[in-house]
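1. Coordinates for the following, if possible.
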Amino acid sequence: MSIEPDGRIRPTVVSLPKLDRQPAAPAAKAVAAPTRYSSVDSFESTRSAPPSGPACPAGTTWTGDLPLSEARNAHRTNTREQFEAALDSNANWFEGDVRQEINRDSPEMRHDSGHEDGDNLTLHEWLTMGKESGRGLKLDIKEGDQVPAVLDELERVGIPEDRLMLNLSFADMQRWGAEIRERFPNAILAINPPTDGQVKAGDAAKMVEMARALGGPVTFVVRHDKLTDEAIQTFLPAGTVSVWGSAEDPAKAAEDLRARGVNGMVDIAGPHGFSLGDAADTVKNWVKTGLDKIF
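-> Next up is the predicted model:
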């Protein structure tokens, strides 16, 4: 296992296969083009996405023909410091959170509504660095009104769709999902539950219905301690099941989730207690946010 700067512990998974960069020999006969997506990561997806060329060391890159079960996610990469630390890790996915900048009308990478400790990257910086890294890029869009600016920036930077996942709340996906799918037909849509409570069969059915309406590659994302077995059984015929959260023993939690049928991205952190340092950062960030609103 490896420990990220924000305290997340990722379970060890098998090494990714090395990609063959040698030119292919002429084929004796024509063959069908690959879909570039594992069948379990797609919901009635018939489109094909061209492979993207990784630009970092073997074993930490991502292409769309790999199943999400092999994903190793660096959960928070919003600041320059976090991003640089993730570059040195074995993560093959980087996750960033998107909000409007506090003192500008443009999106930046920030998890909390107020200031955070560190040098927060702009969305353009994060996408440009992420594209160069060769990793999969998961955008958790915290504020739905930022979606148009995010989509425009994704097109401007030219993020390969087979390395892109967009995570929105259930309500925001209802509002923006069709436009996202039209503009990025091969991006993975991370569909979240319509409830904050336990996700049961009825909730899962609504998520599957949304996946059917939007089409293309999807994954159903649920906090691991809110996921019921009946929901898993509802999801599995339709797409992958991905989980997030924290546990005392992340490796054991991941093993149990796999045994229950979770077949997507497993992102379980270790315990993270509140410290005096956390309290000091909270006060400092609260002051910075207040000053920005005044000036």
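
2. ok, residue 178 - contacts?
-> For residue 178, the contact set (Cβ atoms under 8 Å, 6 or more residues apart in numbering) comprises 213-214. The C-beta positions use only the backbone N, C-alpha and C, and glycine is treated the same way.

3. And for residue 108?
-> With Cβ under 8 Å, 6+ apart, residue 108 has these contacts: 98-101, 120-123.

4. what separates the helix or strand hosting it from the chain centre, distance-wise?
-> Assigned by DSSP states H and E, residue 108 falls within strand 107-109. Relative to the chain's own centre, strand 107-109 is displaced by 16 Å; criterion: Cα atoms, centre = their mean, to the nearest Å.

5. could you pull out the strands for the stretch 1-150 of the chain?
-> 2-3, 9-10, 42-43, 73-74, 93-100, 107-109, 136-141 (DSSP state E, counting those that start in this stretch).

6. of these, which approaches residue 181 most closely?
-> With distances scored as Cβ to Cβ, the stretch of those nearest to residue 181 is strand 42-43 (10.8 Å).

7. What average pLDDT does that closest one get?
-> Strand 42-43 shows a mean pLDDT of 48.

8. for stretch 244-262, same thing?
-> Here the average pLDDT along stretch 244-262 is 97.

9. Go through it and flag the buried ones.
-> Neighbour-count burial for stretch 244-262, with 16 or more other Cβ atoms under 10 Å as criterion, is recorded at 244-247, 250, 253-254, 257, 260, 262.

10. ditto for stretch 120-136
-> Those would be 120-121, 123, 125-131, 133-136, for stretch 120-136 by 16+ other Cβ under 10 Å.

11. Next: stretch 203-211.
-> 203-204, 206-208, 210-211.

12. do stretch 260-270 as well
-> Within stretch 260-270, the residues that qualify as buried are 260, 262-270, counting by 16+ other Cβ under 10 Å.

13. what's the most distant pair in those?
-> So, those by Cβ to Cβ: farthest apart are 263 and 270, at 22.7 Å.

14. Might one say that residue 231 is in contact with residue 200?
-> Yes - between residue 231 and residue 200 there is a contact under Cβ atoms under 8 Å: 6.0 Å.

15. Looking at those two, which one has more neighbours?
-> Set side by side, residue 231 and residue 200 show more neighbours around residue 231, with 24 against 17, by other Cβ atoms under 10 Å.

16. who's in contact with the closest residue to that one other than its chain neighbours?
-> Distance criterion Cβ to Cβ, 6 or more residues apart in numbering; nearest residue to residue 231, sequence neighbours excluded, is residue 204 at 4.0 Å. By Cβ under 8 Å, 6+ apart, the contact set of residue 204 is 193, 220, 230-231, 234-235.

17. Of these, keep whichever come out buried.
-> 193, 220, 231, 234-235.

18. Adding distance to residue 94 and secondary structure, write those residues out as JSON lines.
-> Shown next, in JSON lines, are the buried ones among the contacts of residue 204 (distance: Cβ to Cβ, whole Å; DSSP: H, G, I helix; E, B strand; the rest coil):
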{"residue": "193", "distance to residue 94": "24", "secondary structure": "coil"}
{"residue": "220", "distance to residue 94": "21", "secondary structure": "strand"}
{"residue": "231", "distance to residue 94": "27", "secondary structure": "helix"}
{"residue": "234", "distance to residue 94": "30", "secondary structure": "helix"}
{"residue": "235", "distance to residue 94": "25", "secondary structure": "helix"}
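
19. Reformat those residues as JSON lines; add distance to residue 163.
-> Below are these laid out as JSON lines (distance: Cβ to Cβ, whole Å):
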{"residue": "193", "distance to residue 163": "25"}
{"residue": "220", "distance to residue 163": "20"}
{"residue": "231", "distance to residue 163": "28"}
{"residue": "234", "distance to residue 163": "28"}
{"residue": "235", "distance to residue 163": "23"}
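
20. Out of the buried residues of stretch 120-136, flag the one nearest to residue 158.
-> residue 131 (7.1 Å).

21. Show the contacting residues for the closest one.
-> By Cβ under 8 Å, 6+ apart, the neighbours of residue 131 are 137, 157-160.

22. Check the offset of stretch 218-226 from the chain's centre.
-> 12 Å.

23. hmm, who's touching that stretch?
-> 41-43, 68, 165, 167, 188-193, 197-199, 204, 207-208, 211, 231, 235, 238-245, 247, 253, 257, 264-265, 268.

24. Would you mind listing the buried residues in it?
-> For stretch 218-226, by 16+ other Cβ under 10 Å, it's 218-222, 224, 226.

25. State the mean pLDDT of that stretch.
-> In the prediction, stretch 218-226 has an average pLDDT of 98.
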